[in-house]
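Peer 1: Sequence plus predicted model, see below.
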Amino acid sequence: MKQFSEAFCDQLHDLMSWRRDVRHFRPDKPVSDEVLATILEAIRLAPSVGLSEPWRLISVKSPEARAKALANFEAINTKALQGYSGDRAKIYAGLKLSGMVDAPVQLAVFCDDGTDKGAGLGAGTMPEARRYSVVSAVMNLWLMARAHGLGVGWVSIIDPVQMATDLKAPDGWALVAYLCIGYPVEESQIPELVTAKWETRDPLLAEIQER
């Protein structure tokens, strides 16, 4: 088993520590095709149940497609705000929860639930494992993007079915993530939701139970 140096492990920890969910992008600084190809290649290295590799991507480029995606977010975001009251509503209203206006690269990441690849291995009792595989692929992309100085924002406040319809995704594709990618306006090790006093991190040991 290949082992890595302590210095590399420290750098890997730093990479994870500096990975943030970015919402503020520099519209004046595009992402080169070469860099984008590099971070997309990281997806291929992700684990997948049965080696099914069920991830499917749609690059959202046209003004029409982006307008529909943004309208989707805005409608669901307005509805979500109505579910909060008091201080929570005030904080929520002040959060920037999408970088869809400025992000130069936008990707809709789907799971092909009907793929024949992998012959169903490992997905018979847990078919959702295919979607977990897609999430692993997203994390690979996220870390590689951060290593190249890029930020990634995962927009989850959307109607996934409507998004699939608007993007004309093939039947059987389920939206897992809508990603905004670009160079961040600023960098921080502190999650924006912590800074905004929306939530705090729990220590890892508090999440481990023994049986």
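Peer 2: That came through fine. This is a predicted model, so every value here is computed, not measured.
Peer 1: hey, let's count contacts and neighbours off CA atoms from now on
Peer 2: Fine.
Peer 1: so who does Gly149 touch?
Peer 2: By C-alpha atoms under 8 Å, 6 or more residues apart in numbering, the contact list for Gly149 reads Tyr183.
Peer 1: Report the secondary structure state of it.
Peer 2: What DSSP: H, G, I helix; E, B strand; the rest coil gives for Gly149 is coil.
Peer 1: separation between it and Arg44?
Peer 2: Per C-alpha to C-alpha, to the nearest Å, Gly149 is found 20 Å from Arg44.
Peer 1: before we move on, what about Leu36?
Peer 2: Computed as C-alpha to C-alpha, the Leu36 to Arg44 distance reads 14 Å.
Peer 1: Who has more neighbours out of these two?
Peer 2: Leu36 (18 against 14; other C-alpha atoms under 10 Å).
Peer 1: tell me the contacts of the more buried one?
Peer 2: By C-alpha under 8 Å, 6+ apart, no residues touch Leu36.
Peer 1: Before we go further, it is sitting in a strand, right?
Peer 2: No. Counting by three-state DSSP, Leu36 falls outside a strand, being helix.
Peer 1: which regions of this protein lie under the pLDDT threshold?
Peer 2: By pLDDT under 70, the low-scoring segments of the chain are 205-207.
Peer 1: Let me see the ranges of the strands in this protein.
Peer 2: Assigned by DSSP state E, the chain shows strands spanning 55-59, 105-112, 151-155, 173-182.
Peer 1: quick one: which of those is nearest Ser136?
Peer 2: Nearest to Ser136 among the strands of the chain is strand 55-59 (9.8 Å), distances taken as C-alpha to C-alpha.
Peer 1: Save the strands of the chain as JSON lines, and put in mean neighbour count and distance to Ala196 too.
Peer 2: Output for the strands of the chain, formatted as JSON lines (neighbours: other C-alpha atoms under 10 Å; distance: least, C-alpha to C-alpha, whole Å):
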{"stretch": "strand 55-59", "mean neighbour count": "17", "distance to Ala196": "31"}
{"stretch": "strand 105-112", "mean neighbour count": "22", "distance to Ala196": "25"}
{"stretch": "strand 151-155", "mean neighbour count": "25", "distance to Ala196": "17"}
{"stretch": "strand 173-182", "mean neighbour count": "24", "distance to Ala196": "21"}
